[in-house]
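Undergrad: okay, sequence plus prediction incoming.
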Amino acid sequence: MNKKYIIPVVLLVGLAFILVLLPKKKPYNELPAKDLLKQVTSSSKFISPEFVADRLIKKDPSMILVDVRSEDLFREYSLPGALNIPLQEIVKPAQMELLSQEGIDYIFYSTGDVLADQAWILCKRQRIDHIYVMKGGLNEWFSSFFMSLPPAETASNEEIELYQFRSAVRQYFTGGETQTARKPAGEAISITPKKKKSAAEGGC
Amino acid sequence: MKEKVKKDHSNTYLNPYFGGVMLGIILILTFYITGRGLGASGAAKSTVVTTIQSVAPDYAKKSPYVSQFISDDDHPMNNWLVFEVIGVFAGAFLSGILYGRLKPKVEHSPKITTRKRLLVALIGGTLFGFGSQVARGCTSGAALSGMAVISFGGIITMMGIFGSAYLFSWIFKRNWI
Amino acid sequence: MGPLIPNNIIPADWNNAIALLIGMLFGFVLEASGFSSSRKIMGTFFGYDFVVLRVFFTAAITSMVGILYLDYFGWLDFGQLYIHPTYLMSAIIGGVIMGAGFALGGYCPGTSYCAIAIGKLDALVYSIGLFLGIYLFTFIYPWIENMFNWGFMGYVTAPEILGINANLFVFFVVIIALGMFFAATIVQRKVKKVEY
């Protein structure tokens, strides 16, 4: 064994040994910033209230609504079947675990969509898939189904169909009431707050 | 006028450990830039596929193996490995020039004839070509690049090659020593 | 963050040009280390010249340690690297057949290309054999397709299969490799010299 090899050999063994002793790398595994920004600004994460209503009526088991507002607001009013995970709780590992379940689409909603969007970003950063935001939140939900005006005579077919769908949804969720403007407390919208009578159930 | 006596470098080689470290660094670089390792038999396969395709396109389409490598919108030679192998030829050629090793010859043990050596090389190549397709790689692709990423299949293939080569080289000892 | 091309840090169009450059480095180092001579290569199996062992395993341990360090420091994402898939049966059988071919031909494809580049005619014949062998394979493939695909274990690393830490595994490989180099030096001193 040549003397000149001693240094390289010691170096190599040393490096390999240090590799063994290195502390476990923190598997932070976050989505890189650039990718996150790209996803944040894409519109494919938004789901319309109509879509949510459609899946709710069809009792789609693969969709779960997540209400990211506070517990109090949730108790006052929530969409049928929604889970309540306030924004501050979402970042906890247990909730992240829950949301990473395969095969289920989680749709975040809040009053508008600012809180829901924030929740979405936090989860997306941890590389969770199948999460969406209901566009417009509860505000949009109400204005679509409970405050939409009949379309004008000259409206296109799509607009008429949309209106008919929305009326049907309204009837489904309110058991045939045609009243509008049912808004939970704490909203920034001008509609007078009124406590909802009962959680909307399936069936007419 | 001074007469320059050319020193014969043709038997000088790099220190093997140094060469190994260089090769290791090349491997790391390859993985770092392209995400894949080196390879050699893949280029031979691409050549065969291309040849089959031009000479007997029907066989190429019908053959369950060859058809995997043909696609309508890309030429099988438009392949990372083919370009790499072209580079290998060029690099080795350069090294040959540098060290003065460019010389056409048939290298063989003095105990066998040139003809025998060529015949045995042909058989050896055939076996190796066949085996490389079975194992999905050769010493550069499966064994070397496989070891660089600690691939289980790569290590198994490497052990198979070296173990079997040890066995067979002693059986066919006459060819070499 | 590597690998650069899969992460689009370098445009994918450069891939082939980079392949060419890397190939040149590869070919140069191989030839300069002596892998263009079949009798030198076979020295490993008869004990008179262990260049194959030394270069191969030094390259293997250098790259293993290097890649793991790069991954640890976050400069290279190990998960994005191509790991040679493990098909248990074909890996073993293919390896054995290749070993026989190696013992007869004295080359492997990569070294045969280097040898052709410097004019070795036996390497040229060897590579013709390579083509023949691959061609034969395409004929025989339908019969051995089942064996070929048997035992697929995924694109797994050895430490994953053995259930030990990757860094520990590499450390052991380093030690074993150094041991082999030491043994090779001793054997080489004792073996009868061969002129080649």
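TA: Arrived safely.

Undergrad: just after the helix or strand bottoming out on mean pLDDT in chain C, pick out the following helix or strand.
TA: Ranked by mean pLDDT, DSSP states H and E, the helix or strand of chain C with the weakest confidence is strand C:152-154, at a mean of 86. Next in sequence after strand C:152-154, counting helices and strands by DSSP states H and E, comes helix C:158-162.

Undergrad: the helix or strand that comes right after that following helix: which residues count as buried?
TA: Downstream of helix C:158-162, the first helix or strand assigned by DSSP H and E is helix C:166-190. Buried residues in helix C:166-190, counting neighbours by 16 or more other Cβ atoms under 10 Å in any protein chain shown, are found at C:Ala166, C:Asn167, C:Phe169, C:Val170, C:Phe171, C:Val173, C:Val174, C:Ala177, C:Leu178, C:Phe181, C:Ala184. Bear in mind the C-beta positions are built from the backbone N, C-alpha and C, glycine included.

Undergrad: for B:Thr139, state which of those is nearest.
TA: Nearest to B:Thr139 out of those is C:Ala177 (Cβ to Cβ; 16.0 Å).

Undergrad: now do the SS call for the residue of chain B found nearest chain A.
TA: Distances between chain B and chain A by Cβ to the nearest Cβ are smallest at B:Tyr17, namely 7.1 Å. Recorded secondary structure, B:Tyr17: helix (DSSP: H, G, I helix; E, B strand; the rest coil).

Undergrad: okay, now it: neighbour count?
TA: B:Tyr17 has 21 neighbours, counted by other Cβ atoms under 10 Å in any protein chain shown.

Undergrad: what packs against the worst-scoring helix or strand of chain B on mean pLDDT?
TA: When the helices and strands of chain B are scored by mean pLDDT, DSSP H and E, helix B:57-62 comes last with a mean of 86. Counting contacts by 3 or more Cβ pairs under 8 Å, 6 or more residues apart in numbering or on different chains; DSSP states H and E, helix B:57-62 packs against helix B:41-55.

Undergrad: for A:Pro23, helix, strand, or coil?
TA: The local conformation at A:Pro23, judged by three-state DSSP, is coil.

Undergrad: how many residues are close by it?
TA: Neighbours of A:Pro23 using other Cβ under 10 Å come to 6.

Undergrad: for it, phi and psi?
TA: Backbone torsions of A:Pro23, given as degrees, to the nearest 10, read phi -70, psi 150.

Undergrad: ok, C:Lys40 to C:Leu30 distance?
TA: C:Lys40 sits 12 Å away from C:Leu30, taking Cβ to Cβ, to the nearest Å as the criterion.

Undergrad: the two: who's more crowded?
TA: Of the pair C:Lys40 and C:Leu30, C:Leu30 is the one with more neighbours under other Cβ under 10 Å, namely 29 against 22.

Undergrad: nearest spatial neighbour of that one, skipping sequence neighbours?
TA: C:Cys114 (4.9 Å; Cβ to Cβ, 6 or more residues apart in numbering or on different chains).

Undergrad: ditto for C:Arg54
TA: Among residues not flanking C:Arg54 along the chain, B:Pro16 sits closest, at 3.7 Å (Cβ to Cβ, 6+ apart).

Undergrad: residues in contact with the one you found?
TA: Neighbour list for B:Pro16: C:Ser33, C:Gly34, C:Phe50, C:Val51, C:Arg54, C:Val55, C:Thr58 [criterion: Cβ atoms under 8 Å, 6 or more residues apart in numbering or on different chains].

Undergrad: looking at those residues, which is nearest chain A?
TA: Among the contacts of B:Pro16, C:Thr58 lies closest to chain A (Cβ to the nearest Cβ), at 8.9 Å.

Undergrad: measure the residue lying closest to the closest one once chain neighbours are set aside to B:Leu27 for me?
TA: Once flanking residues are discounted, C:Thr58 sits nearest to B:Gly20: 2.5 Å by Cβ to Cβ, 6+ apart. Per Cβ to Cβ, B:Gly20 is found 10 Å from B:Leu27.

Undergrad: list residues touching both of those two?
TA: Residues touching both B:Gly20 and B:Leu27 (Cβ under 8 Å, 6+ apart) are C:Ala59, C:Thr62.
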